[in-house]
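Visitor: Sequence isn't available, so here's the structure alone:
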Ligand SMILES: Nc1nc2c([nH]c(=O)n2[C@H]2C[C@H](O)[C@@H](COP(=O)(O)OP(=O)(O)OP(=O)(O)O)O2)c(=O)[nH]1
């Protein structure tokens with residue numbers, strides 16, 4: 001097998017939104033992992049044939065996968081917003097063809113994801129805590145935790161969907177003020193986008209959910225999250241540590 005000591009592709013500009021490019025990086029298939037697609041979770045390992053890598057970083061600015069044990073393979077993908085699209089930087093240590101194949105898979109998947117519908121999630125922040133809610137249905141996901149939110153309706157902005165869903169689900173008015181992490185793929189044509197928001201007034205009450213909990217950076221990992229949310233927990237944890 002041919003190996004590159006380090007295959008660094010020259011940075012390239014692609015006419016696709018950085019959010020779609022980062023979303024493509026949340027799926028194992030884009031790295032070339034065989035078998036059914038699954039989501040890449042920071043801190044967890046992914047198998048690429050006989051190689052095993054740990055996801056060291058996965059955020060809106062790219063992905064870093066580092067060697068596990070005696071493995072020598074590594075992948076580093078940078079995603080940066082530029083006029084008219086994205087600047088993509090790819091560096092790999094591994095079989096020679098990897099870098100070019102990786103670029104092809106990222107651009108093909110990102111082109112599809114650029115058209116995806118969006119589910120907004122809302123990380124309501126208060127006193128260095130974030131609000132989570134426990135699903136009551138359907139049976140497959142009952143008991144798992146998620147963020148207030150839902151599908152953005154046609155013609156609606158993300159921010160309007162965040163405000164509407166928080167009023168419907170929690171009975172509170174929120175002020176969305178940023179995003180956390182990459183868009184996470186939920187289905188071929190659907191992504192989860194997590195917003196942060198403040199809720200200066202009111203007490204949230206669960207309307208369709210079993211329970212609500214305010215979680216801190218220390219307890220964020222203590223509840224069983226929906227699979228897509230697990231991708232975002234490390235980025236949210238970092239955000240909580242930075243919030244005053
Ligand atoms: N609101 C919300 N939905 C999430 C999160 N994580 C995650 O995978 N999802 C999924 C669950 C749902 O399949 C979908 C949200 O769609 P929806 O607004 O129509 O919610 P729903 O509970 O009625 O689900 P569905 O009947 O449409 O499947 O996104 C999250 O943190 N918040």
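Guide: Done, it's in. For clarity, every value in this text was computed on a predicted model and none was experimentally measured.
Visitor: wait, doesn't residue 173 sit right on residue 202?
Guide: Yes: between residue 173 and residue 202 there is a contact at 6.7 Å, judged by CB atoms under 8 Å. Where C-beta positions appear, they are placed from N, C-alpha and C, glycine not excepted.
Visitor: who in this structure is up against the ligand?
Guide: By the rule CB under 6 Å from any ligand atom, the part of the chain lying against the ligand is 119, 121, 146-147, 149-151, 186, 192, 226, 228-229.
Visitor: State the pair within these that is farthest apart.
Guide: 151 and 229 (15.9 Å; CB to CB).
Visitor: Could you check which of the two has the larger neighbour count?
Guide: The neighbour comparison of residue 151 against residue 229 (other CB atoms under 10 Å) goes to residue 229, with 22 against 13.
Visitor: re the thing from before, would you list the residues of the chain next to the ligand in JSON lines and tack on distance to residue 217?
Guide: Listed next are those as JSON lines, based on distance: CB to CB, whole Å:
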{"residue": "119", "distance to residue 217": "24"}
{"residue": "121", "distance to residue 217": "18"}
{"residue": "146", "distance to residue 217": "19"}
{"residue": "147", "distance to residue 217": "16"}
{"residue": "149", "distance to residue 217": "21"}
{"residue": "150", "distance to residue 217": "26"}
{"residue": "151", "distance to residue 217": "29"}
{"residue": "186", "distance to residue 217": "25"}
{"residue": "192", "distance to residue 217": "21"}
{"residue": "226", "distance to residue 217": "20"}
{"residue": "228", "distance to residue 217": "20"}
{"residue": "229", "distance to residue 217": "16"}
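Visitor: So which of those residues wins on neighbours?
Guide: residue 147 (28 neighbours).
Visitor: Without its sequence neighbours, what residue ends up closest to that residue?
Guide: The spatial neighbour of residue 147 that comes closest, neighbours along the chain excluded (CB to CB, 6 or more residues apart in numbering), is residue 121 at 3.6 Å.
Visitor: isn't there a strand covering that neighbour?
Guide: Yes: the assignment for residue 121 by DSSP: H, G, I helix; E, B strand; the rest coil puts it in a strand.
Visitor: Could you dump the residues of the chain next to the ligand into JSON lines and include pLDDT and secondary structure?
Guide: Formatted as JSON lines, the residues of the chain next to the ligand follow (pLDDT from 0 to 100; DSSP: H, G, I helix; E, B strand; the rest coil):
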{"residue": "119", "pLDDT": "98", "secondary structure": "strand"}
{"residue": "121", "pLDDT": "98", "secondary structure": "strand"}
{"residue": "146", "pLDDT": "98", "secondary structure": "strand"}
{"residue": "147", "pLDDT": "98", "secondary structure": "coil"}
{"residue": "149", "pLDDT": "98", "secondary structure": "strand"}
{"residue": "150", "pLDDT": "98", "secondary structure": "strand"}
{"residue": "151", "pLDDT": "98", "secondary structure": "strand"}
{"residue": "186", "pLDDT": "97", "secondary structure": "strand"}
{"residue": "192", "pLDDT": "98", "secondary structure": "strand"}
{"residue": "226", "pLDDT": "98", "secondary structure": "coil"}
{"residue": "228", "pLDDT": "98", "secondary structure": "helix"}
{"residue": "229", "pLDDT": "98", "secondary structure": "helix"}
